[in-house]
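> any chance you can model this:
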Amino acid sequence: MKKLLLIALLTAPLLAAPGHLERATIAGRPLAIYTPAGYDASRAAAYDLILFFDGDSYIDVLDALKVLDALPHPPVALFVDNTANRLGDLANHRTFADYMAGELIPAVRARWHVTRDPAHTTLAGYSAGGLGAAYVAFRHSEVFGNVISESGAFWRGNEGTSEPAEWLTEQFRTSARLPLRFYLDVGGGETHRVVNGVVFVEANRRLRDVLKAKGYSVEYVEVPGAQHEPGHWKRSLPAAVAYYCR
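The predicted model follows:
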């Protein structure tokens, strides 16, 4: 019995050490920055980078820190504060996309040992944040190569409007394919109509179809019965993050 117990203890997976979270104002915006346990600014290989919109929600409600700690090779993570003007940031706004690529990312690279490779740089968000992740990557694929969208609000129009409906989907349909990869998660129960009459889950399905027709790499997950709410996004987050951060 003692021998079996010793074998079990020796072979049991070790609990991952927690990373470090600090708060700072970078490029004029309050942020939280996660660095993995054992973060080494002098190592040869730069760290992958993942950015979460609605950052405090991902920390406090969706347990993103636990998800990151559990990864074999955690990235550096940036939790972006969008509380001051959420839809002004995330609802297909060019100014915000340009700020992300031209101001925020250079400032982060200057301070942390993170990748300059778009293929290892991921944007993540839920609802308007999922839309924002796809839009910012569309505008600046030279910086951001991967998108995680949880229940993305792809029904929206351009620059914060509701018309024309599904504007970003049409941009992907009519433009040349970009070097982007997508992880799209949506609830099968998100059957509500929004202000311009679009059914929420159907907008996600149409984006999926457009992206696949253009030859994009798309992982699409439609969770049966799941609704537009944080419990769904929390349950879906580990698989979404692990898709890019292995």
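> what segments of the chain are strands?
Along the chain, counting by DSSP state E, strands occupy 20-26, 29-35, 49-52, 76-80, 121-126, 146-150, 181-187, 217-223.
> kindly reformat those as JSON lines containing mean pLDDT.
As requested, the strands of the chain are exported to JSON lines (pLDDT from 0 to 100):
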{"stretch": "strand 20-26", "mean pLDDT": "97"}
{"stretch": "strand 29-35", "mean pLDDT": "97"}
{"stretch": "strand 49-52", "mean pLDDT": "98"}
{"stretch": "strand 76-80", "mean pLDDT": "98"}
{"stretch": "strand 121-126", "mean pLDDT": "98"}
{"stretch": "strand 146-150", "mean pLDDT": "98"}
{"stretch": "strand 181-187", "mean pLDDT": "98"}
{"stretch": "strand 217-223", "mean pLDDT": "98"}
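> of all these, which one is nearest residue 168?
strand 146-150 (10.7 Å; C-beta to C-beta). (C-beta placed from N, C-alpha, C; glycine too.)
> give me the low-pLDDT residue ranges for the chain?
1-16 (pLDDT under 70).
> and the helices in it?
Secondary structure of the chain (DSSP state H): helices at 2-11, 55-60, 64-69, 86-90, 94-99, 105-111, 128-139, 167-174, 200-213, 230-244.
> out of those, nearest to residue 180?
helix 128-139 (5.4 Å).
> ok so, going back, most neighbours per residue, which of the helices of the chain?
Most buried of these, by mean neighbour count (mean count of other C-beta atoms under 10 Å): helix 128-139, with a mean of 27.
> ok so, going back, would CSV of the helices of the chain with distance to residue 117 be doable?
Listed next are those as CSV, based on distance: least, C-beta to C-beta, whole Å:
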stretch, distance to residue 117
helix 2-11, 36
helix 55-60, 23
helix 64-69, 19
helix 86-90, 25
helix 94-99, 19
helix 105-111, 11
helix 128-139, 14
helix 167-174, 22
helix 200-213, 21
helix 230-244, 12
